[in-house]
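Novice: curious how this folds, go ahead:
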Amino acid sequence: MTHPEAVVVAGGTGVLVELNAGRIDPARFLDLSRVGELRESGGRSGGVVRLGAMTTYTDVLERHADELPGLAQAVETIASRQLRNRATVAGALVIGDPSSDALAALGAAGASVIVASVREGERAIPAHAFVTAPGECDLRAGELVVAIDVPVADGPVAYAKAGARNAMARAVCGVAIALHTDKRRAGVCVVGAAPTAIRPDVAEDLIAASWDDLAGAASRFGALVGAAVDPAADARGSAEHRRHVACVLAARALRRVAA
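Specialist: This is a model prediction of the structure:
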């Protein structure tokens, strides 16, 4: 790389927060807004939609809501319309936000983040594992996110979120569920209740075992999700509060998809 110290800018909404806080040097920015290949989205192959790295939240709502309803549900809860016009789906992952609403939906859907570098080529990373800690992600030196591959929904989906207020608030906790009707299984992803996104395998197994009575299994499912999370206290809530919220949201989301 000619300028390895450069800060990559997509929509810029996350970068501006860091810039205003004095945590990054504004001397060098690498603006991706004119890279046409990164703006392309909608290429569909094998039941998967490829979203270019510059795909905004508004693009998801206007172009992909029918085939990616879980992601669309999560996106509708994010910020304001003005910010959704600028902010990119990939950007929320790269800044390492473990409370990202989009991360929950992508994780439940079984999406993959596609990264590339000149020397190493491309590799795919499960979306739920891409954020490795608050403020960190699984990007190596010289790599750039080029796309996100999201499987088309093949069953009911739901996203349940709790925040400090009803709109324009980061998630204290969010739970996404994507049912795979033909396989009689589900993908579940929880954000905001651990340093990373959580895929609660035991809770997913309960859905498979309780397929014929999902609503009846909702309370037990919520308890299993609560046991799987690893919340920390911060200004938005105590660890106990977050764990309780995870239980409630998980049960609520399962009842929604069951209905």
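Novice: what is the rounded mean pLDDT of the helix ranked longest in the chain?
Specialist: For the chain, the longest helix by residue count, based on DSSP state H, is helix 239-258. For helix 239-258, the mean per-residue pLDDT is 96.
Novice: in stretch 202-212, which residues are buried?
Specialist: 203-204, 206-207, 210-211 (16 or more other CB atoms under 10 Å). All C-beta spots, glycine's among them, are computed from the backbone N, C-alpha and C.
Novice: can you redo those residues as a markdown table with pLDDT?
Specialist: Formatted as a markdown table, the buried residues of stretch 202-212 follow (pLDDT from 0 to 100):
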| residue | pLDDT |
| --- | --- |
| Ala203 | 98 |
| Glu204 | 98 |
| Leu206 | 98 |
| Ile207 | 98 |
| Ser210 | 98 |
| Trp211 | 97 |
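Novice: Ile148: what secondary structure?
Specialist: Secondary structure, DSSP: H, G, I helix; E, B strand; the rest coil: Ile148 is strand.
Novice: relative to Arg63, how far out is it?
Specialist: 14 Å (CB to CB, to the nearest Å).
Novice: the two - which one has more neighbours?
Specialist: With neighbours defined as other CB atoms under 10 Å, Ile148 and Arg63 compare such that Ile148 has more, 26 against 16.
Novice: now do the longest helix of the chain: which elements does it pack against?
Specialist: In terms of contacts (3 or more CB pairs under 8 Å, 6 or more residues apart in numbering; DSSP states H and E), helix 239-258 is packed against strand 157-163, strand 171-180, strand 185-191, helix 218-228.
Novice: just the angle for that helix relative to strand 185-191, thanks.
Specialist: For helix 239-258 against strand 185-191, the angle by axes from the mean of the first three to the mean of the last three CA atoms, to 10 degrees is 150 degrees.
Novice: flag every buried residue along helix 239-258.
Specialist: 242-251, 253-258.
Novice: pull the most distant pair out of the residues you listed.
Specialist: Arg242 and Ala258 (24.4 Å; CB to CB).
Novice: not counting sequence-adjacent ones, nearest residue to Leu224?
Specialist: Closest residue to Leu224 apart from its sequence neighbours, by CB to CB, 6 or more residues apart in numbering: Ala203 at 4.1 Å.
Novice: is that neighbour in contact with Cys247, as I believe?
Specialist: No - counting by CB atoms under 8 Å, Ala203 does not reach Cys247; the two are 10.6 Å apart.
Novice: which neighbours do these two share?
Specialist: Val225 (CB atoms under 8 Å, 6 or more residues apart in numbering).
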